[in-house]
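Student: What would the 3D arrangement of this be:
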Amino acid sequence: MIRTEAVQLTSINGIGYKQKLVAGGAGITIVTSEGKAVFTVNKRDGLCVPYGQVDEKVFTATVTEEVLNLTRGLPYKKLDIASKVSSDDSPIKHTAEVEMEVKEDDKDAIEVVESIEYKEFIAQYTDKADKFSYQLMNKDLIQFAAKSTIVGKMIVEKTEIETIIRYIIRSKAANLAGNNGMEDNLLTAFIETFDSMNTRSAFKELNAYLRGELSKGKR
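Tutor: Numbers count the residues shown, from 1 in each chain. Sure thing, here's the model as predicted:
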C-alpha cells in the first residue's frame, strides 16, 4: 500500500493516514479498533468525500480535518496496513476490502516511491521538522527555471506550460539522482504522486511563476 506514516488522532480513538486509492487519486483512511473509514480528497477544495460506506456520525468532519492536518507534508511510502491502534495497542480487525487494497496497489505509484529520484526529492526538500516542504521545492525549481537557458528558450517560443514543468522536474530529478532522467510514464506518475500528497497542486508556485514569465513574452 502506498501511504504516509500513520498518525495518532486525538479527536477519535484511532489512527489516520493519507493513501493512494486503488481507483486513483488521493484519499485518507481512518482506522479504529472497531473498523475503518476511507475518504477521497477533493483536489479543488481539499474537502473529504466518503469513499464507500462511512458512518459520518463517528468519522466526522473534525476527524477528517485532523488527519489532513497531521499528514500534510508527510511523504508517501510503500507500507503494509497498520496493525495496531489506540493507547492499549488493541489489534485492528482487518477487512477483505483492506487486504484487496494492499494487493491491488498502483504499480506506477510503487515504482515512484521506490525510485532514487523520489527519495532524493524527499531528502532534498524535507524541512527541520521532518515534513516535506512544498515551499522549499517550488523555490528551488523556480530558481532552476530562472537560470536555465533551455527554459528561457521554451518561454520565448511559448511552449505549453505542462511541457516546461515536465522538463524542469525531469532535469532537477536527474540532477539530484545523478542519472539521465525518468521515462515519460514514470515522470507522469512522479508528478501525480507529489500532487496527490498535497491538498492542491504541489507545483502551484512554479506554475504561477512560469505563467507570469510566459505572459511577459520575454525573459
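
Student: C-alpha from now on. contacts and neighbour counts both.
Tutor: Will do.

Student: Spit out the contact partners of the residue most central in space within the chain.
Tutor: Ranked by distance to the mean C-alpha position of the chain (C-alpha atoms, centre = their mean), the top residue is residue 197 at 1.7 Å. Contacts for residue 197 (C-alpha atoms under 8 Å, 6 or more residues apart in numbering) come out as 18, 26, 72-76.

Student: quick one, strands of this protein?
Tutor: 2-3, 7-8, 14-20, 26-32, 35-41, 48-50, 77-78, 84-85, 90-91 (DSSP state E).

Student: Run through who's touching the first one.
Tutor: Right, strand 2-3. 17-20, 75-79, 105-106, 109-110.

Student: Return the closest of these with respect to residue 128.
Tutor: Set against residue 128, the nearest of the contacts of strand 2-3 by C-alpha to C-alpha is residue 75 (14.5 Å).

Student: Next one: residue 128 from residue 69, what distance?
Tutor: Distance, residue 128 to residue 69, by C-alpha to C-alpha, to the nearest Å: 18 Å.

Student: whoops, residue 44 was the one
Tutor: 16 Å.

Student: And the contacts of strand 2-3, which is the shakiest by pLDDT?
Tutor: Ranked by pLDDT, those bottom out at residue 105, which has 55.

Student: re earlier: the strands of the chain into TSV, with extra columns for distance to residue 154 and mean neighbour count?
Tutor: Shown next, in TSV, are these (distance: least, C-alpha to C-alpha, whole Å; neighbours: other C-alpha atoms under 10 Å):
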stretch	distance to residue 154	mean neighbour count
strand 2-3	35	25
strand 7-8	43	18
strand 14-20	33	25
strand 26-32	32	23
strand 35-41	34	21
strand 48-50	38	17
strand 77-78	34	18
strand 84-85	51	19
strand 90-91	55	14
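
Student: Please produce CSV containing those strands, extended by distance to residue 168.
Tutor: Shown next, in CSV, are those (distance: least, C-alpha to C-alpha, whole Å):
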stretch, distance to residue 168
strand 2-3, 25
strand 7-8, 33
strand 14-20, 24
strand 26-32, 24
strand 35-41, 27
strand 48-50, 31
strand 77-78, 24
strand 84-85, 41
strand 90-91, 45
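
Student: Mind checking those strands for the one nearest to residue 202?
Tutor: With respect to residue 202, and counting by C-alpha to C-alpha, the nearest of those is strand 26-32 at 12.8 Å.

Student: Alpha carbons only: can I get the closest one in CSV?
Tutor: What follows is strand 26-32, C-alpha atoms only, in CSV (Å, rounded to 0.1, in the frame of the first residue of the first chain):
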residue,chain,number,x,y,z
ALA,A,26,-5.6,10.6,-3.0
GLY,A,27,-7.6,9.7,0.0
ILE,A,28,-7.4,9.4,3.8
THR,A,29,-8.1,6.3,5.8
ILE,A,30,-9.1,6.4,9.5
VAL,A,31,-8.8,3.2,11.5
THR,A,32,-10.1,2.3,14.9
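
Student: what packs against the lengthiest helix in the chain?
Tutor: Longest helix of the chain, by residue count under DSSP state H: helix 161-177. Other elements packing on helix 161-177 under the criterion 3 or more C-alpha pairs under 8 Å, 6 or more residues apart in numbering; DSSP states H and E are helix 116-124, helix 134-147, helix 149-156, helix 204-216.

Student: Cheers, nothing more for now.
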